[in-house]
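Undergrad: Build me a structure from this.
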Amino acid sequence: MPKAEKISSWILFTVVFLIYTISASNTITFWDSPEFIASNYTLQASHPPGAPFYTILCKVVLSFFPATKAALVSNLISSFFGALTIALLFRITTNIAKRILSESKSNYTPTIVLISGITSALTLAFSDSFWTAATEAEVYTLSFALMTGMIHIMLLWESTLNKRKEIVLLLFFAFLLGIATGVHLILIAIVIPLSLLIAHKKYGLTIKTFIIAGLLGCIAFFFIYGFVVQGTIKLANSLDIWLVNSFKMSLNTGIIILLLCIAIVFSVLLVFSRKRQKTILHHVTLGMIFFLIGMSSFLMPLQRSGLNTLIAESTNNSNKMLQYVRAEQFGVTSIPLLNGPVFNAPLDKDVAFIDGKPVFTYDFEKERYVEVHDGKFKEVNYASEFKMFFPRIFDKGDSEKYKAWTPILGEPIKYPVRGEVVTINKPTFGENLSFFVNYQVIWLNTRYLFWNFIGRQNDHQGLGYIKDGNWKSGINAFDKDRIGDTAMIPEYYKNHMGNDSYYFLPFLLGILGIIALRKHKQYFWTTLLLFLTFGIGITIYVNPVPSSILIRERDYIFIGSFVIFALWIGLSVVFLAKALYKIKNPKTRIGLVTIIVLLAAPIQLLAKGWDNHQRGHDDFAYNFGKAYLDACPKQAVLITDGDNMTFPVWYLQQVEGYRTDVRVINFDQLNVEMHIDNLRNTIYDSKPLKIDLDRAFYVSGIEKLLPLQEETQEAAKLPVMFEFLKQDNTRINWNGRMRHYIPSTSFSIPIDTIKFKKILDPTKLNASYTSSITWKHPKKFYGLNELVLMNLLTNNIHERPICFAINSKKRHNIGLEPYLIQHGMVNILAPIQRTNSKLNPKIVDTKMMYSYVMNQVNFEGLQGESGFVRNENATYAREIFRQNYYFLAQALLEEGNTEKAIAVLDKCISLFPDKTIPYKQFSYGIGRLYVRAGKHQKGIEICKTAMQNIWDELQWMISFDPPYPIINLRHAYRLKGMYFQMMQQFPSGIENAPVSREVFKQFEETFETWQKRNWPY
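TA: Numbering: from 1, shown residues only. The predicted structure is shown next:
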């Protein structure tokens, strides 16, 4: 590599790393980052399918720093590998640019090559998705550094004529590929596109070799992923079961024997191939050895499985390891790819369930593997008439969401269901493809590409609404059919800091870059296949359902394709340098091209993205987690639901040692055997919990859903019900399988009020004890996590405070709302209710909460106009914190503490002002409380602002016919209902509302016309 290129790559690395260092958060952020930091710091297995190499690497670095710096250092590790990816992309681009210009004899060719590399590198560096990934603790920048490293190695391999160097490079590639499995398994897919480079060098790239190479690449992917990675673990599992059960050998003997066998086999192959001069066999054997050495990081979860922490996955044997790598906890193995049922498929009329493979687990008491499911009637068998090729609409739980993303009318098919012939409208293949295009291709893939290279509306979570997370070019003529005319867009959305429009310029440069490769088919097809593999290829393989987007935006998984698009943008320099040949002076031509390309792509991305990528001031997630723990009494049990309500808390406990007396339980993970077992253990300063469930009830492999068979209208007493569930003779035949069932939709926990007095005095809350906690929770099926939670409540309600995290959702409350007392950011479960039926049934511990919200919790930073407020922060401030302040102020007013109520309201609007967190429904309630407290004018203004925000949004939505009309119509209908209710409840009377009855009636007529025009059903 010429000296100028070496110096440039190191300068790029240094500059980009410094910018990322400035931008990076100083503490934890939301989503997986706190979990990764805690896993790295304590060297434990993170969530399936794991990233053990990343964890080991980070642990080595973190060993040199104190716990208080773990989050910052972990974020900077991402920044380091992000900058390394940029330097590697620079080298890849210059390598390809040289090949394109190899026939040029111009003295300025090195300059063009250099500018191409700088352009592609800086474009990727300042693209939205990559910049974000490089400023938080995640596996992605390391995975993209490995990806670009492997591409760079294969380009070096393709260009070298030295046979020895070829072998060295291929072995190094195999080693990096093995390492990559311990970072992100999807990186194995890189063998598919890179197979084209091998075909080109060895045989030339014709249509025939292209097809053969592509097929062999796919076979290689499935061989490595299915046979080498999973197959090795599966073989170890089968061997271990045989050795332990047949010969009474110790657990994991199978793994040791398999490793010894692998070592012996490869040693023999090496000696044999060297003596017999079987060169290909020798090199293939070496490649497999290097790959397995790289993959060996997966031994770490096995070695650290005994760690007694909240996060660590239980991978103490090959059986658990296989479930871990397959991510069976998330149901990945049940997602259809090429053939499967549609979402409304009925069970087969003749054979509803078919046999599957038996399920084994290791029993530590018996010291052997035991069969927990014999495989009989294990698999659901859907009617073949309702199966289709390439099923994209398969999930029963998402049926309504499928219909929202694309009109689904279906074709009627008569089919017997439970002995009665019914008509079921099976979705057509065209409707299936329509959903695939509308949602999976355009919304979940293309939209993210456009964010980065055309422009982004804002950082809001995109659910299909015109107001959230759309791509936006900044050219009104192109944008108005998707997000409405600029003149109709409310100021908040128009001036959002995340509103970065690039006017198609980087995108158009990328297209020119592809054209520059048209005569160099090996690079054209390799880069195109890389782009498709790590873009739409991932989408096809994962087959995401609409509810997946409710978790968060997933642009980061497609950064691999954005890397290639940035490469193409860099190669646009080559295209333009050739296209502008009429400018005879080379210096002028190259100078003009440089200015155009740098301004259009990296400089524009840097200038517009700077404000919304500065995360140094953002400590919201840290304070969010701390607020949960601070609200919990000593030795409390905190039930959380969702990553963002759990991971920040786990980080605080496991890394910083904060409030380790609180037992934090993620509601979702009460489905997982290890996490249920952990309830019985002492963890840090948290005492064990009492659980009287047999392990056979929740061990991996058994049914996790229990059907309702209602036998009584009375509430089932939980101690009795759990004894009922232990009996084998209380099962029923459910669709051909004997299963436990739930006999009632109501439940009751008997209460010993004498014991409970140790925890709570109800008289201070104008309430009294009840002899039981009795509630309704009707469902057709009850999840294992719900039943484990009920058992936990039954056995610990008298001993430990039971708290439920307030997170704007109620799923983890399992219907217990009438018995929940608001205590800061949590609700405490207690057998008390209001003594006076005229009082508000909502009970708030005002004494605790007033001091808590006024002096203890810290949420500064959302009110300034200079700092960017990320979407998660704004959402939680709007949906959780305003609600908490509202309920506290309301309770204080009910108690006659008007001054304190006003102080709480003042604190709320100062922390979460309309400018950064627009007023809506809870703000309207806050305005009404101001009026009730005597602050009439202030309250009226807040109510008017909240109504105006909704009105402006409604006018925007009905100003055009939006894409995804079902989603937007439903949202507009909710807003209209909300606005009408506000009019009816306006503090100074409906006649003084911002919009008169007449104007609203005219609006309703317009709305009805708009609705009829857009509603497809």
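
Undergrad: May I have stretch 574-594 as PDB, with CA atoms only?
TA: This file holds the C-alpha atoms of stretch 574-594, laid out as PDB (Å, rounded to 0.1, in the frame of the first residue of the first chain):
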ATOM      1  CA  VAL A 574     -14.200   7.400 -10.100                       C
ATOM      2  CA  PHE A 575     -17.400   7.700 -12.200                       C
ATOM      3  CA  LEU A 576     -17.500  11.500 -12.100                       C
ATOM      4  CA  ALA A 577     -13.800  11.800 -12.700                       C
ATOM      5  CA  LYS A 578     -14.400   9.900 -16.000                       C
ATOM      6  CA  ALA A 579     -17.800  11.500 -16.800                       C
ATOM      7  CA  LEU A 580     -16.500  15.000 -16.600                       C
ATOM      8  CA  TYR A 581     -13.800  14.300 -19.200                       C
ATOM      9  CA  LYS A 582     -14.700  17.500 -21.100                       C
ATOM     10  CA  ILE A 583     -13.000  19.500 -18.300                       C
ATOM     11  CA  LYS A 584      -9.600  19.200 -19.800                       C
ATOM     12  CA  ASN A 585      -7.500  20.400 -16.800                       C
ATOM     13  CA  PRO A 586      -7.200  17.300 -14.500                       C
ATOM     14  CA  LYS A 587      -6.600  19.400 -11.400                       C
ATOM     15  CA  THR A 588      -9.800  21.400 -12.000                       C
ATOM     16  CA  ARG A 589     -11.800  18.200 -12.800                       C
ATOM     17  CA  ILE A 590     -10.600  16.300  -9.800                       C
ATOM     18  CA  GLY A 591     -10.900  19.300  -7.500                       C
ATOM     19  CA  LEU A 592     -14.500  19.900  -8.700                       C
ATOM     20  CA  VAL A 593     -15.400  16.200  -8.200                       C
ATOM     21  CA  THR A 594     -13.900  16.300  -4.700                       C
END
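
Undergrad: Can you mark which positions in it are buried?
TA: Using 16 or more other Cβ atoms under 10 Å as the burial criterion, the residues of stretch 574-594 that qualify are 574-577, 589-590, 593-594. Heads up, the C-betas are built off the backbone N, CA and C, glycines and all.

Undergrad: From the chain's centroid, how far away is that stretch?
TA: 45 Å (Cα atoms, centre = their mean, to the nearest Å).

Undergrad: could you give me the average pLDDT of the biggest helix by length in the chain?
TA: Of all the segments assigned as helix in the chain under DSSP state H, the longest by residue count is helix 70-100. Confidence for helix 70-100, expressed as mean pLDDT, is 97.

Undergrad: Send me whichever helix or strand comes after it as PDB with only the CA atoms.
TA: Once helix 70-100 ends, the next helix or strand along the chain (criterion: DSSP states H and E) is helix 109-125. The C-alpha trace of helix 109-125 is given here as PDB (Å, rounded to 0.1, in the frame of the first residue of the first chain):
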ATOM      1  CA  THR A 109      -5.100   8.200 -10.600                       C
ATOM      2  CA  PRO A 110      -3.600   7.900  -7.100                       C
ATOM      3  CA  THR A 111      -5.400  11.100  -6.100                       C
ATOM      4  CA  ILE A 112      -8.700   9.800  -7.400                       C
ATOM      5  CA  VAL A 113      -8.200   6.500  -5.600                       C
ATOM      6  CA  LEU A 114      -7.400   8.400  -2.300                       C
ATOM      7  CA  ILE A 115     -10.500  10.600  -2.600                       C
ATOM      8  CA  SER A 116     -12.700   7.600  -3.300                       C
ATOM      9  CA  GLY A 117     -11.500   5.900  -0.100                       C
ATOM     10  CA  ILE A 118     -11.900   9.000   2.000                       C
ATOM     11  CA  THR A 119     -15.400   9.600   0.700                       C
ATOM     12  CA  SER A 120     -16.700   6.100   1.300                       C
ATOM     13  CA  ALA A 121     -15.100   5.900   4.800                       C
ATOM     14  CA  LEU A 122     -16.400   9.200   6.000                       C
ATOM     15  CA  THR A 123     -19.800   8.700   4.500                       C
ATOM     16  CA  LEU A 124     -20.200   5.400   6.500                       C
ATOM     17  CA  ALA A 125     -18.700   7.100   9.600                       C
END
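
Undergrad: which residues are contacting the very next helix or strand once past helix 109-125?
TA: Stepping forward along the backbone from helix 109-125, the first helix or strand reached (DSSP H and E) is helix 128-133. Under the criterion Cβ atoms under 8 Å, 6 or more residues apart in numbering, residues 20, 23, 78, 82, 85, 124-125, 140-141, 144, 448, 451-452, 456, 500, 555-556, 558-559, 562-563, 605, 609, 613 lie in contact with helix 128-133.

Undergrad: same thing but 7 Å
TA: By Cβ atoms under 7 Å, 6 or more residues apart in numbering, the surrounding residues in contact with helix 128-133 are 78, 82, 124-125, 140-141, 448, 451-452, 456, 555-556, 559, 562, 609, 613.

Undergrad: Any stretches of the protein with poor pLDDT?
TA: Across the chain, the stretches falling below the confidence threshold (pLDDT under 70) are 1, 312-313, 549-551, 735-736, 757-759, 864-865.

Undergrad: buried stuff in the strand or helix carrying Phe272?
TA: Per DSSP H and E: Phe272 is located in helix 253-275. Applying a neighbour-count criterion of 16+ other Cβ under 10 Å, the buried positions in helix 253-275 are 253-255, 257-258, 262, 269, 273.

Undergrad: circling back to that earlier point, by contact count, what packs against the longest helix of the chain?
TA: The helices and strands touching helix 70-100, judged by 3 or more Cβ pairs under 7 Å, 6 or more residues apart in numbering; DSSP states H and E, are helix 3-23, helix 33-42, helix 52-62, helix 109-125, helix 128-133, helix 140-159, helix 559-579.

Undergrad: Would you mind getting the angle between it and helix 140-159?
TA: With axes from the mean of the first three to the mean of the last three Cα atoms, to 10 degrees defining the directions, helix 70-100 sits at 20 degrees from helix 140-159.

Undergrad: isn't Lys467 right up against His496?
TA: No - here Lys467 lies out of contact with His496, judged by Cβ atoms under 7 Å, at a distance of 10.0 Å.
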